[in-house]
Each structure stands twice: as C-alpha cells, then as structure tokens.
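>>> sequence-free structure coming up:
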C-alpha cells in the first residue's frame, strides 16, 4: 500500500463539476493499493499518518501530528500510484489491486482513520475526479507500507 500525503490549507474533490468533499487545514492522502496488500498494511499506514509530526508548533517546527492539531483528512483513491513506467511508453498497472479488492481496503483505511475521531472526508471511489489543493509548505511525503 502506498500513499502520497500532502499538508494542505485546503483541498476539494469534484466529480462531474460538483464538489463532493472539501477540507480546510489538514492532510490530502492519495491512496494506492497493491494486489498483495492486507488490512495490516492499512493499519500501518493509518498509524503512521495520524501520528506523523508534520504540522508546525508555535516555534514553527514540525512537531505536531494530525491528532494534536485536530485537522481534517481527505482520502482519494489513486490506483496510478502502482503504475509501472519502466518499460515502454504506456504504464502497466499489473500490480495494482482489482477494483473489488481495492475498494474493500480503501473503505477499511477510511474507517480506521475516522475511528480515531478525525474528521475524514473522501473522494468517490472509481470516479473520474478533479482534485484541487493548496499545498502548505509545500509538504509532501510518499510512504509505502512495505
């Protein structure tokens, strides 16, 4: 399982011109799920994301976590995180999980974050989405469960 985590001042997801989710200060999490991923991969990433100290304290040091700041999270599924571009000109998505498997783990991931009392929003699974964001910093991390 792989995530791209961006600290944002705001982010929103639109589908067919309609905003379906929006957050203010918090984290935008793009979530990619691989064929071999399990709930343990999701648990690892959820724990990492909610406790990662990437928000600034009063001294402008990254010392505060998502839990410390009561910030929001917007989770967007993104199977292209498992696009393999090493051969040819068209990415291969052979290692990405099937839609059915991915949706179950996506739901589990979102529910786990939400279970910590974090205001959690989400994109629309399997939809063509437009994602807008204001990256604050910029601060962006790529985290893999392996």
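All right, it came through fine. These numbers come from a predicted model, not from an experiment.
>>> Please count neighbours and contacts with C-alpha atoms only from this point.
Fine.
>>> Check which strands are paired with the biggest strand by length in the chain and give the direction for each one.
Counting residues, the longest strand found in the chain (DSSP state E) is strand 129-144. With DSSP bridges as the test, strand 129-144 is paired with strand 2-15 (antiparallel).
>>> What lies in contact with the longest strand of the chain?
Strand 129-144 is contacted from outside by 1-16, 45, 54, 123, using CA atoms under 8 Å, 6 or more residues apart in numbering.
>>> How about stretch 52-67?
Against stretch 52-67 from outside (CA under 8 Å, 6+ apart): 7, 26, 49-51, 69, 72, 118, 139.
>>> try 10 Å
6-7, 25-27, 46, 48-51, 68-69, 71-73, 116-118, 136-137, 139-141 (CA atoms under 10 Å, 6 or more residues apart in numbering).
>>> ok, back up a step: give me the buried entries from the contacts of strand 129-144.
1-14, 45, 54, 123 (16 or more other CA atoms under 10 Å).
>>> mind listing the helices in this structure by residue range?
39-51, 66-69, 99-114 (DSSP state H).
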